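[1] Have a look at this prediction, sequence included:
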Amino acid sequence: MTQPETSCSASGAAPRFPVRRGACPSLVNPMPTGDGLLVRLRPAAAGLTPGQWGTLADLARTFGNGLLDVTARGNLQIRGLAHQDAAQQLSAELSRAGIEIRSGTAVETPPLAGLDCAEVADASGLADQIRDAIRQHTPALALAPKLAITVNGGGLFNLSDAISDLRLDAVRHGGQVLWRIALAGDARTARPVALVDEAQAVSHVIALLELLHAQGSASRGRDIAALVPALDEACFPAELTAGPVNPAGVIRNGSSAVLGLRLAFGRMHAGELESLMAGLSGLGATQVRLAPDHALLVLGLPDGAIPAAARLAAEQGFITRPDDPMNSVSACPGTGFCAAGRLDTQELAGLLASQAPDLLDGSCTVHLSGCTKGCAHPSPAPLTVTGTDAGLRIVLAGRAGDAADLNISLEEFRALLPALQQGIAQHRQAGQTAAQALSLSGAAIFGMAP
């Protein structure tokens, strides 16, 4: 959407840092990256008012370089802080503004928990019980910084696709709502270990966290999966098979409507955010919530104000339509913003849109990753392009760090784009999608052998 206005690195040039796994940036421990220090914020409130979002925009400009991210998991990041003192000052100003930020182990719930007309259960109360139990545990649990617990009540914006160390999914079973507890994966791939009611859920979670604690502070869900007896479950309940709706556009939630806005490349500038929030406030919006897949959800708009709100958001660079081709692209900030980045993801997305538009038909995600961490899209994607010091790695039906199907230079990839566009047309049958063409033809769709 925009480039940073200023450089906030101490030397004036962004240093190069190795790819780091397992680190989680926070106000206490900001992470050095390509455009200064990065902090990740998890607001305690389910949503913030437009005025509070305006405050965040102002703080991002004051203490950072004016760029904010919404991550694949729906967390907020402020980029470009110059030094540790700036993070401490930012923390103090957030507190003064009444914006409480959660710390500790991430316990995630669907963005409309308690409001989603299609949810199986409201996950927010159980999530709060888990947070309290972790906070009050004696001795304190030593858990991995990036360990994630998902409490998925289902619904329109369910978290069935979120990969988590420990997950609780609400299911209907025997005429009641139970919580299916599973380890290491999304709702379809995680290993189920218990099916309990809400009253039993917290003790089961704490027992698993104690097992992780005993294995060491770097342990993740996958490290204990084999130590816990699996639940004998013949099939997945239907609630676990449907993914969330596309978070771009107008989504009906019972008698009300939610306006979903996706961030191109997961990034917005403070000025864009301020203009958006000022306009939304004037149109009657009461609350804006963070959502997975690099999105914001606008609540409280009268139906008659939604078209004007969507036009305003589009003018500020947000994706407002479910059929926008850029919905098919999941990209990290890339070079110039992340020290590990070896790919200009924004440039490459533009090339794909102009030279291989049939690829972006909405049937699949194209993941553009600056490095093998794959932060923008942790799950497998039909097509992933990863930047490395040696060039590009093309991964089909996998993650950024998986073995490559093709290793080519950026120049070779640019030259292959017309062949990719032609290959989709040639390899798919009538009525098939780009995703089906990729699945059926593999690397041959590029017109070259692996």
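    Thanks, I have the structure now.

[2] list the contacts for the closest residue to Ala390 other than its chain neighbours?
    The spatial neighbour of Ala390 that comes closest, neighbours along the chain excluded (CB to CB, 6 or more residues apart in numbering), is Asn407 at 7.2 Å. Just so you know, the C-beta spots here come from the backbone N, C-alpha and C atoms, and that holds for glycine as well. When contacts are counted by CB atoms under 8 Å, 6 or more residues apart in numbering, Asn407 touches 390-394.

[3] Can I have the buried ones of those residues as a PyMOL selection?
    Selection of the buried residues among the contacts of Asn407 in PyMOL, burial being defined by 16 or more other CB atoms under 10 Å:
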select buried, resi 391+392+393+394
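
[4] Closest to Ser217 out of the contacts of Asn407?
    Ranked by distance to Ser217 (CB to CB), those are led by Arg393 at 31.3 Å.

[5] who are the neighbours in contact with the one residue sitting closest to the centre of the chain?
    Relative to the mean C-alpha position of the chain, the nearest C-alpha, by CA atoms, centre = their mean, is the one of Ala72, at 1.0 Å. In this structure, Ala72 makes contact with 266, 292-294, 330, 375-378, judged by CB under 8 Å, 6+ apart.

[6] swap in Phe157?
    Applying CB under 8 Å, 6+ apart, we find Phe157 in contact with 110-112, 116, 244-245, 247, 291-292, 297.

[7] And it, which helix or strand is it part of?
    For Phe157, there is no enclosing helix or strand under DSSP states H and E.

[8] Repeat that for Val202.
    With the criterion set as DSSP H and E, the secondary-structure element containing Val202 is helix 198-215.

[9] what's the following helix or strand after that helix?
    Remark: after helix 198-215, the chain's next helix or strand is helix 221-224, criterion DSSP H and E.

[10] Quickly list the domain ranges of the protein.
    The chain is divided into the following domains under automatic domain parsing: 31-103+247-322, 120-153+160-240, 327-446.

[11] any low-confidence regions in this structure?
    Within the chain, the stretches with pLDDT under 70 are 1-23, 233-241, 430, 448-450.

[12] what about 80?
    Regions of the chain meeting the criterion pLDDT under 80 cover residues 1-24, 232-242, 333, 336-339, 425-431, 440-450.

[13] how about the helices in it?
    Along the chain, the segments classed as helices by DSSP state H run 50-63, 84-96, 124-136, 198-215, 221-224, 270-283, 306-315, 345-355, 410-427, 434-441.

[14] Packing partners of the fifth one?
    Read that as helix 221-224. Using 3 or more CB pairs under 8 Å, 6 or more residues apart in numbering; DSSP states H and E as the contact criterion, the elements in contact with helix 221-224 are strand 164-173, strand 176-185, helix 198-215.

[15] what comes into contact with the longest one?
    Just to be clear, that refers to helix 198-215. Under the criterion CB under 8 Å, 6+ apart, residues 121, 125-126, 129-130, 133-134, 137, 141-144, 147, 149, 165-166, 168, 177, 179, 181, 183, 193-194, 196, 219-221, 223-224, 227-228 lie in contact with helix 198-215.

[16] Make a PyMOL selection of the buried ones in these.
    Typed into PyMOL, the line below selects the buried ones among those, using 16+ other CB under 10 Å:
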select buried, resi 121+126+129+130+134+141+143+144+147+149+165+166+168+177+179+181+183+193+194+196+219+220+221+223+224+228
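
[17] Between helix 124-136 and the helix holding Val202, find me the angle.
    Here helix 198-215 runs at an angle of 40 degrees relative to helix 124-136 (axes from the mean of the first three to the mean of the last three CA atoms, to 10 degrees).

[18] Mind listing what's buried along helix 198-215?
    Residues of helix 198-215 classed as buried: 201-202, 204-206, 208-209, 212-213 (neighbour count, 16+ other CB under 10 Å).

[19] Please compute how far that helix lies from its chain's middle.
    With CA atoms, centre = their mean, to the nearest Å as the basis, the distance from the averaged C-alpha position of helix 198-215 to the chain average is 25 Å.

[20] same check, this time on stretch 189-204
    24 Å.

[21] What is the end-to-end distance of it?
    With CA to CA, to the nearest Å as the measure, stretch 189-204 spans 20 Å from end to end.

[22] Stretch 231-251 too?
    Taking CA to CA, stretch 231-251 runs 35 Å from one end to the other.

[23] ditto for stretch 299-315
    Taking CA to CA as the criterion, the two ends of stretch 299-315 lie 19 Å apart.

[24] what does stretch 145-165 give?
    Taking CA to CA, the first and last residues of stretch 145-165 lie 12 Å apart.

[25] Gly304: neighbour count?
    Residue crowding around Gly304 was assessed by other CB atoms under 10 Å; the count is 9.

[26] same thing with the one 5 residues further on?
    Using other CB under 10 Å, Ala309 has 23 neighbouring residues.

[27] for it, what are its contacts?
    With the criterion set at CB under 8 Å, 6+ apart, Ala309 makes contact with 259, 279-280, 283, 285, 298, 301.

[28] Make TSV from the residues you listed and add neighbour count and distance to Gly350 to it.
    Rendered in TSV, the data for the contacts of Ala309 read as follows (neighbours: other CB atoms under 10 Å; distance: CB to CB, whole Å):
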residue	neighbour count	distance to Gly350
Leu259	27	26
Gly279	18	27
Leu280	28	28
Leu283	19	31
Ala285	23	31
Val298	26	27
Leu301	22	31
